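What shape does this take:
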Amino acid sequence: MNRPRAVRIAVGPQDSADWACDAVRAGGGVVVDASEAQGLVWTDFDSTAQLIETLANNPDITWVQVPFSGVETYLPYIDEARTWTSAKGVFGGAVAELALGLLLGGMRHIAGYAREQQWTEDYGRTLFGARVTILGAGGIAQSLISMLKPFNCHITVVRNREGDVPGADVVLTTSRLHEALLRADAVLMAIALTPHTHGIMGKAEFQSMQSHAWIVNVGRGKQIITEDLMWALETGEIGGAALDVTDPEPLPTGHPLWSLPNCIITPHVGNTAEMVPPLLALRIAENVRRFAAGEQLIGIVDRAVGY
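Okay, the predicted model is just below:
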């Protein structure tokens, strides 16, 4: 009895990621040149033009796996001719871990103490029993909900459509964002960048927040209007901000945000180069297996919603 041929997968750019090739094989695929491939696993974060050129030159590729969750750069090229899958959900735990660390660093004034060179008076609020609003309902949000439960937080989730979110106390649509901000002690942003979420947090939203509340953004920098955030921080409209993403990004040397005492900035490190291979390899292997079996892939990009 003849066994079906293994699914043919190219790894780009230029077969450079040995770990990704190993993941393809672990899923039952065979690594081939793009000219022979049915699917393409892309591992580079900064070569969009090369990816699009590879696809243009190889029309038989019907599935594309990209290495990150945000796919706004690729949306103009996504159509019904190919299935695109992202890494949404892959790094949820790691990004949520950073978000929680940033929140504690702000609310407990850990970052502020670290900047001092002498003994100071005490500052800070506890996260125990706090009211936390999370923007987003994906993998990062789900991980955050699990991590926040031991703190006995009251959790409100804001999402783009109605529906339950496991572990959340309240779920609201984005049309009720201001309601979700009013009583929050902390606001955590973990949403995809779409036209609807671009600039979703501006002056009016910061005015809705409590004066002690912290905002943490591990989504995309353009979701916060930077000038409005600076106003909110400088005037004490909110307690502080912890940003793993900024607009512009990278944040230029000398930008005023760097010097604000109630602002914490990390250089987009929700997942690091060390974390990517072992976490993304599991998704690649599973999707290769599913692709070969004709099953639905994980992380399919919906062009209509933008992620």
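
For residue 208, give me its contacts.
Contacts for residue 208 were tallied using C-beta atoms under 8 Å, 6 or more residues apart in numbering; they are 178, 181-182. All C-beta atoms are positioned from the backbone trio N, CA, C, and that covers glycine.

Disregarding residues adjacent in the polypeptide, which is nearest to residue 7?
In space, and not counting its chain neighbours, residue 7 is closest to residue 292: 4.0 Å by C-beta to C-beta, 6 or more residues apart in numbering.

How confident is the prediction for that neighbour, by pLDDT?
What the model reports as pLDDT for residue 292 is 97.

and it, which of the three is it?
Following DSSP: H, G, I helix; E, B strand; the rest coil, residue 292 is assigned to helix.

Kindly report the same for the one 5 residues further on.
The three-state label for residue 297, taken from three-state DSSP, comes out as coil.

coming back round to it: among the contacts of residue 208, which are in strands?
Under the assignment DSSP state E, the contacts of residue 208 contribute nothing to strands.

Show the buried residues in those residues.
residue 181 (16 or more other C-beta atoms under 10 Å).

now residue 286: how far from residue 38?
Distance from residue 286 to residue 38, counting by C-beta to C-beta, to the nearest Å: 17 Å.

now swap in residue 270 and tell me
Going from residue 270 to residue 38 by C-beta to C-beta gives 31 Å.

Between the two, which is the more surrounded one?
Using other C-beta atoms under 10 Å, the more surrounded residue of residue 270 and residue 38 is residue 270, with 22 against 17.

List the contacts of the more buried one.
Residue 270 neighbours (C-beta under 8 Å, 6+ apart): 91, 94-95, 98-99, 218, 244.

Which helix or strand contains the closest residue to it other than its chain neighbours?
The spatial neighbour of residue 270 that comes closest, neighbours along the chain excluded (C-beta to C-beta, 6+ apart), is residue 95 at 3.6 Å. Using DSSP states H and E, residue 95 falls within helix 92-107.

List the contacts of that helix.
Contacts of helix 92-107 (C-beta under 8 Å, 6+ apart): 110-111, 124-127, 130, 138-144, 147-148, 185-186, 188, 190, 214, 216, 218, 239-242, 244, 262, 264, 266, 269-271, 275, 279.

do that again at 7 Å, thanks
With C-beta atoms under 7 Å, 6 or more residues apart in numbering as the test, helix 92-107 has contacts from 110-111, 124-125, 127, 139-140, 142-144, 147, 186, 188, 190, 214, 216, 218, 240, 242, 244, 264, 266, 269-271, 275.

out of these, which are buried?
Here, 16+ other C-beta under 10 Å leaves 111, 125, 127, 139-140, 142-144, 147, 186, 188, 190, 214, 216, 218, 240, 242, 244, 264, 266, 270-271, 275 buried among the contacts of helix 92-107.

Mind checking which of those land in helices?
Residues of the buried ones among the contacts of helix 92-107 located in helices (DSSP state H): 111, 139-140, 142-144, 147.

closest to residue 28 among the residues you listed?
residue 139 (24.9 Å; C-beta to C-beta).

where does the closest one sit relative to residue 87, distance-wise?
The value you get for residue 139 to residue 87, if C-beta to C-beta is used, is 10 Å.

how many neighbours does the residue nearest to residue 270 have?
23.

Touching, residue 54 and residue 33? I think so.
No. Using C-beta atoms under 7 Å, residue 54 is not in contact with residue 33, being 10.6 Å away.

Between the two, which is the more surrounded one?
Taking other C-beta under 10 Å, residue 54 and residue 33 do not tie; residue 54 has more neighbours (21 against 12).

so who does the more buried one touch?
12, 34, 40.

Next, count neighbours for the last one.
Residue 40 is surrounded by 22 other residues when neighbours are defined as other C-beta under 10 Å.

Ok, residue 231 next?
16.

Please apply the same query to residue 119.
For residue 119, using other C-beta under 10 Å, the count is 6.

Same question for residue 36.
Residue 36 has 13 nearby residues by other C-beta under 10 Å.

Against residue 6, how distant is it?
12 Å.
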